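A.B. asks: Sequence below, structure please.
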Amino acid sequence: MAPGDELEEDAATTALAETLGHIEQIQHARLQTYDALDSAFAQYLVSGPEKDFAGFRQAVHESTQLFQKLSAQLTLIRDRFVTQGRSELADMVAELQALEKDKLSTTADYQLAAQEALERPADVDDPMDVGEADTLKRRIAQLTQQASDLVRSLKYEL
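C.D. replies: Numbering: from 1, shown residues only. A predicted model of the protein is given here:
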């Protein structure tokens, strides 16, 4: 090993550790945003016949803006990995983004299904109707776990 190579290797390792920390912060912020969105949705559902749609719409708007910001940060990280020739890490970040996109779409579907389930009685003759919201809620939990597992895998790759 040439003089200075060890310092370059240490700097690269430190940069990768910082990047992983940033990815973990992004995922933590996403989880907090989902929690806030879930709380706003629950409040909307229990707000009675008047339904506080304006408050829920504001929460959705704020969540959307934050999700876009966080997604843009991960895109920059993915692009940096591509530039550094770390395509396996870039692919993992792209997969994380795809999971989060699916989770957000599934969350919207869940919210619609949960609201519909409250507004109309379940169709006992249609077994698909009874548990759609529950099925979507389980899917959200699965996607959350897959994202967490992927971040853990990234940690071991770095």
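
A.B. asks: What values do phi and psi take at the residue nearest the centre of the chain?
C.D. replies: The centroid of the chain falls nearest to residue 100 when counting by CA atoms, centre = their mean (3.8 Å). With angles defined as degrees, to the nearest 10, residue 100 sits at phi -70, psi -40.

A.B. asks: Which other helices and strands does the one helix or strand residue 148 maps to contact?
C.D. replies: Here residue 148, judged by DSSP states H and E, is contained in helix 132-157. Here helix 132-157 touches helix 5-45, helix 87-119, going by 3 or more CB pairs under 8 Å, 6 or more residues apart in numbering; DSSP states H and E. All C-beta atoms are positioned from the backbone trio N, CA, C, and that covers glycine.

A.B. asks: want to throw those helices into TSV with mean pLDDT and distance to residue 75?
C.D. replies: Converted to TSV, these look like this (pLDDT from 0 to 100; distance: least, CB to CB, whole Å):
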stretch	mean pLDDT	distance to residue 75
helix 5-45	86	11
helix 87-119	95	7
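
A.B. asks: Which of the ones you listed has the highest mean neighbour count?
C.D. replies: Each of the helices and strands packed on helix 132-157 was assessed for mean neighbour count using mean count of other CB atoms under 10 Å. The highest is helix 87-119, with a mean of 17.

A.B. asks: Run the chain-centre distance for that helix.
C.D. replies: Centroid separation for helix 87-119 versus its chain: 7 Å, with CA atoms, centre = their mean, to the nearest Å.
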